[in-house]
Each structure stands twice: as structure tokens, then as C-alpha cells.
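Engineer: Whatever this is, show me its structure:
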Amino acid sequence: MRTMNFRRWCITLVVSLLIFAGLTSFKVLQIRSVIAFAESFPEHSETVEYQAVDLVEYTPEVKVIGEAVSPQRVELMNELPGRIVKVGFASGGEVQKGQLLLQLDTSEERAQLKSAVARAELAKLAYQRITNLRKTNAASQSQLDEAKSELSITNADIDALKSTIQKKKIVAPFSGRVGIHRLETGNFLQGSTAITTLVGNPGYIWIDFSLPQFHSSVVVSSPVRIRLLQNNANGVDAEELNGKIVALDTTISSSSRSRRYRARVDGDLLSFIHNAVVEVHVPVGASKMLEAVPALAIQQDTLGQYVYRLDKDPDADGFRAYRQDITTGDRLGDKVVVKSGLDQGARIATVGAFKLKPGVLVYGRQSGSDRSSTTSVQ
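Structural biologist: Residues are numbered from 1 along each chain as shown. The predicted structure follows:
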């Protein structure tokens, strides 16, 4: 009986082992099939544009705030009081040199001038008559002196009245654009009343700015770049012009320890309004060659700034992406100066760099290529 039970247990054990082995073999084959199926898919990759790191000429510079100053600018004021009889310009309009801008009432002065002219004619006749009498000793020297003095006085009165009449007429001293006014015919103006501001356009403008006193390398004729920020429909744009320093102040400010500079910018500069705030970029060192990369290639996280360096993968038809930490400097147009972290000729991802991760397979094309489609790079 015991022998029979033992045999049954042995048969059951063998059958169980065979079933387990069969199931295990089936599962192993299934897993291998899944792995083989997964390996049949290509490795994950990204497509980007890239370019080699090149050298650019870099000049250290400082950026300060400057102020546009119009070389031809005058605040027009009336010297004498009077009632307005004519306004010869429109607010914000263009005027020409010598154009009548404002005429005050001179009717009283003109009447006095006629009287003075008549008295001068009479004094002139009296002087000529006494001069002739003096030749025959029919008149004394004192009479001649008095007649001469009277003629001089009447002529002086005429000159004074003409000057008064001229001062009540305001003309443009040069061509330019006038500001806004609130003048109307019939208004009475007190003396020294501000009429308007006249700004000319001589073909250049001054930019005044200050630099700390230790920038002794900045001298007359040093170049500067001027940027005028402007608002437009698409956002903030910047007009950039080149100029040079034409004057330095003779003193240093006791409060800020800075020195005042004046730069000249040539050209048609109607957009540079007097007192407008501008950015002034002033070179403060010698030029040197440094690595630079496109601004869109630079990524940033909590560890700092970095780019993705692309190295040729010998086992794949593409590149491998590697994080490369960098230290950046000034921005030059659409590029950023790299102070450390990259060597000239290194290949970095540009357009699409944000998609990359360290070690990912990368395909792409060189930035600026004429090919319209992305191809694998050998």
C-alpha cells in the first residue's frame, strides 16, 4: 500500500514539474519575443539645427543712459509787452528762417516814429542853415553845436523807436519745427512771456551722458553706439546709430564722481527728440576675439546656463547630445559672447535645442543651409 502511494506522489511530482517547465519555457519565449519586438523599433531621436562655435570681434563696453540735446534749440520770448495783431505759425509746424512768427501792436510807436522823422528833418535843415551862417561868422559856434546836438538827439529817437518796433516782431532765427502754443490775435502779452520752442535740424545731434571717473580711456573722438528705444505695433524696437565723443567736461561731479561727456551723431535725426532718453554704449577696452553662440542655443536651469554640444556617434548615423555648461558675457546682435566653457569649432544645437536631453540621438542640418528639408548628417 505504501509503495503504491509513493509511486502516485512521484508521478504527480513529475507531471507538476513538466507542467511548470512548459509554462516557464512559454513565458521565456514570450518575453524574448516582446524584447525582440521592442528592439526592432529605432532609437528615439530628435531633429535640430546646429552650427559650429565661431570667433567674433568683441570690444568691452559699458551701457549708460544718455540724453538727446538739439544743437539748434531756442525758447522764443517777447521782450516787450503788447497786444497780438498776428500769429504767423501753427502749433507743431515747420517754419523757415526769417519767417514772421508773432507781431505785436506797434501803431503807437509808428506814430511816434513819424513825429520823430519830422523833427529830424527840421533839425537837419536848422543844422545846415547854421552851418552856412557860421561860414560867414553870422552864427556863433555855440549855436552850431546846439543844432548839431539837436540833430543827433532826433536821429537817436528815430533809432530807438525803430528798435522798439523791431522788438515787437518775432521772427524765426533759423529753420525748424515749432512747439505747441496758445496764442490768439487780440491777446495781451506781458514782457518776457514764453512764446514757443523752436528746434532746428542741422544734420546732427548731441548726446550727453556721464561715466564714472575711472574710465580714463574714453577721450575725444572715441566711438559710441546710440540706441533710441521706440514703441511700435509689434512691441519695442531700437534704432541704433554710431557717433563719436566731441567734448568732455572739465570737472567731475562731487556727488556722483562721474564725468560728463558729449557725443555727436550725424544724419537726419528728426526721431531724436530733444531731452529724449537713449542708451549709450561706450567702448572701454581693446577689441579681442571671443567665442560666440546664437542666443537661442542657450538654455538655463537652476544649475546655470548651458548649451548642447553635438558629438558624432560612431555607431549611429547622427550625433549624441551632451550638456555643456558655459559662462556668458555681452550680447552682440543675435549672438551672445561665451567667456568660458566652449572651444572654437565645437558643434552646438541651435534651433530646437530645447527638445534635447543628455545622451539623446540627434539628427539635423547646419544652420543657414540652403536645403529645405532636414537630412541626416554624416
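Engineer: Now do Leu102 against Phe174, distance only.
Structural biologist: Distance, Leu102 to Phe174, by Cβ to Cβ, to the nearest Å: 16 Å. For the C-beta atoms, the positions are set from N, CA and C on the backbone; glycine is no exception.
Engineer: These two: who's more crowded?
Structural biologist: When neighbours are counted by other Cβ atoms under 10 Å, Leu102 and Phe174 differ, and Leu102 comes out ahead with 22 against 16.
Engineer: Count the residues that sit near the residue lying closest to the more buried one once chain neighbours are set aside.
Structural biologist: Nearest residue to Leu102 in three dimensions, chain neighbours excluded: Ile170, at 4.3 Å (Cβ to Cβ, 6 or more residues apart in numbering). Number of residues near Ile170 (other Cβ under 10 Å) recorded here: 20.
Engineer: Which strand or helix spans Ile170?
Structural biologist: strand 169-171 (DSSP states H and E).
Engineer: and that strand, average pLDDT?
Structural biologist: Here strand 169-171 scores 92 as its mean pLDDT.
Engineer: That one packs against which elements?
Structural biologist: strand 100-104 (3 or more Cβ pairs under 8 Å, 6 or more residues apart in numbering; DSSP states H and E).
Engineer: what about the strand it packs on, average pLDDT?
Structural biologist: Regarding strand 100-104, the rounded mean pLDDT is 93.
Engineer: in it, what's buried?
Structural biologist: Of the residues in strand 100-104, 101-104 count as buried by neighbour count, 16 or more other Cβ atoms under 10 Å.
Engineer: From the contact counts, what lies against the next helix or strand after it?
Structural biologist: Counting by DSSP H and E, the next helix or strand C-terminal to strand 100-104 is helix 107-135. Here helix 107-135 touches helix 141-167, going by 3+ Cβ pairs under 8 Å, 6+ apart.
Engineer: In the helix it packs on, which of the residues would be classed as buried?
Structural biologist: For helix 141-167, burial by neighbour count (16+ other Cβ under 10 Å) applies to 147, 150-151, 154-155, 157-158, 161, 164-165.
Engineer: burial measure for Val53, as a count.
Structural biologist: With other Cβ under 10 Å as criterion, Val53 counts 21.
Engineer: From what I see, it and Leu290 are in contact.
Structural biologist: No: counting by Cβ atoms under 8 Å, Val53 sits too far from Leu290 to count as a contact (10.3 Å).
Engineer: quick one: contacts for Leu102?
Structural biologist: 76, 78, 84, 86-89, 169-170, 183, 195 (Cβ atoms under 8 Å, 6 or more residues apart in numbering).
Engineer: at 7 Å what do you get?
Structural biologist: Going by Cβ atoms under 7 Å, 6 or more residues apart in numbering, Leu102 touches 84, 87-88, 170, 183, 195.
Engineer: what bridges to it?
Structural biologist: Val87, Ile170 (DSSP bridges).
Engineer: Quickly note the distance from it to Arg134.
Structural biologist: Computed as Cβ to Cβ, the Leu102 to Arg134 distance reads 49 Å.
Engineer: ok, now Gly329?
Structural biologist: 92 Å.
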